[in-house]
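In: Need coordinates for the below:
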Amino acid sequence: MTMLDLRTDAAPASAFESAAARFGILEKPDLAFTPAIARETEHLYEKVKDFIPAFEWAAYAPYVHAINRLKKERNAVILAHNYQTPDIFHCVADIVGDSLQLARDATQVNAEVIIQCGVHFMAETSKLLNPDKTVLIPDARAGCSLSESITGADVRLLKQRYPGVPVVTYVNTSAEVKAETDICCTSSNVLSVVESLDSDTVLCIPDEYLAMNVARQTNKKILTWKGHCEVHERFTADELLAYKEANPGIEIIGHPECHPDVIAVCDFSGSTSGMINYVKDKRPGRVLLVTECSMASNIQAEVQGVDFVKPCNLCPHMKRITLPKILDSLLNMTDEVLVDPAIADRARLAVERMVNLKQ
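Out: The predicted model follows:
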């Protein structure tokens, strides 16, 4: 196979040579929009035609075609979070879902390579659950405000301050933080996780609003940390009430990472998967999703007859993942996500306790 030297200042020679030795660096495909590619991607364009104009699809389609071909050559699978853009979510992803769903599905993957289309902590979680597989993230800079709000040292100090109190840590955290944790949780199972613990007091970190919202549903004392999602913390109750006044009959569905005052004016609150299922099952005439706005587009592509009002708060970290970066990731086998063996086993245990918890 032809080898193409793609080394740059941003990719050290040692990392390049390691990838080349293990996988081989593939030649970059021709990205021209040909009649053949148009025909082969037509069925995919049908899914996203309401969000991507035909003239733009001419730029997207060659990448979609190349990615779907290369992932077979690499024996790779693409995991995409619900906040990914429709071109990724509907056209190249093999497995989609929220953090809990992706964590569970990651354990069932048979491919040798996992491409994580999400943020860095999600890729770390996939690596924890698949230590013998190669896990890649198309842009290693795809971070998370929640993950960056707390460190392993912070958790150790909390455990010193509250000795014996179990620590429930949101999956939106680094492996270093998970290693200091008794059990992880997601927004879809946080209440089940909290209720499963034999303690009247629980540390629920780092998302303050998630902890405050679960505190309203349990008799346990919930101790919090002041971490917030930069997407969800921007929503306000007054904003949503204004939408209700302007759109009589609208149903508002909120994510529990929002402030409790926001959740109080919502008609339903749940994880991203819970929100999706609500729309698919209830089919409200008009709906507003209080979360990252790409998710509304992804649901709209699958659900007919629902009018989506979109207060568009974008996650800048999720939007670092693009089709060109996914293609580069497959070509060059970058950026590989590794977890320090010194913390991997402890972090994995906290995640596995969550994944194995009976709901």
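
In: Low-confidence ranges, the stretch 251-359 of the chain, go.
Out: Residues of the stretch 251-359 of the chain meeting the criterion pLDDT under 70: 358-359.

In: repeat that for 90
Out: 272-273, 293, 304, 310-313, 355-359 (pLDDT under 90).

In: can you give me the helices for the stretch 201-350 of the chain?
Out: Counting by DSSP state H, counting those that start in this stretch, the stretch 201-350 of the chain has helices at residues 208-215, 237-246, 260-264, 272-282, 294-300, 323-332, 341-356.

In: Repeat that for the stretch 51-200 of the chain.
Out: Counting by DSSP H, counting those that start in this stretch, the helices of the stretch 51-200 of the chain are 54-73, 86-91, 99-106, 120-129, 152-161, 175-178, 190-196.

In: Serialize those to CSV and add fields for mean neighbour count and mean pLDDT.
Out: (Each C-beta comes from the backbone N, C-alpha and C, glycine too.) Output for the helices of the stretch 51-200 of the chain, formatted as CSV (neighbours: other CB atoms under 10 Å; pLDDT from 0 to 100):
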stretch, mean neighbour count, mean pLDDT
helix 54-73, 17, 97
helix 86-91, 24, 97
helix 99-106, 22, 79
helix 120-129, 26, 93
helix 152-161, 14, 98
helix 175-178, 25, 97
helix 190-196, 19, 96
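
In: for those, which one sits closest to residue 262?
Out: helix 190-196 (16.8 Å; CB to CB).

In: if you take the average position of the protein, which residue is closest to it?
Out: Nearest residue to the geometric centre of the chain (CA atoms, centre = their mean): residue 81, 3.7 Å.

In: mind checking pLDDT for it?
Out: pLDDT, residue 81: 94.

In: which residues does it bridge with?
Out: residue 97 (DSSP bridges).

In: Quick check: it touching residue 122?
Out: Yes. Using CB atoms under 8 Å, residue 81 is in contact with residue 122, at 6.5 Å.

In: Now distance to residue 127 and mean neighbour count too, for the helices of the stretch 201-350 of the chain, in CSV please.
Out: Output for the helices of the stretch 201-350 of the chain, formatted as CSV (distance: least, CB to CB, whole Å; neighbours: other CB atoms under 10 Å):
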stretch, distance to residue 127, mean neighbour count
helix 208-215, 24, 22
helix 237-246, 38, 13
helix 260-264, 33, 19
helix 272-282, 22, 18
helix 294-300, 24, 22
helix 323-332, 15, 22
helix 341-356, 8, 17
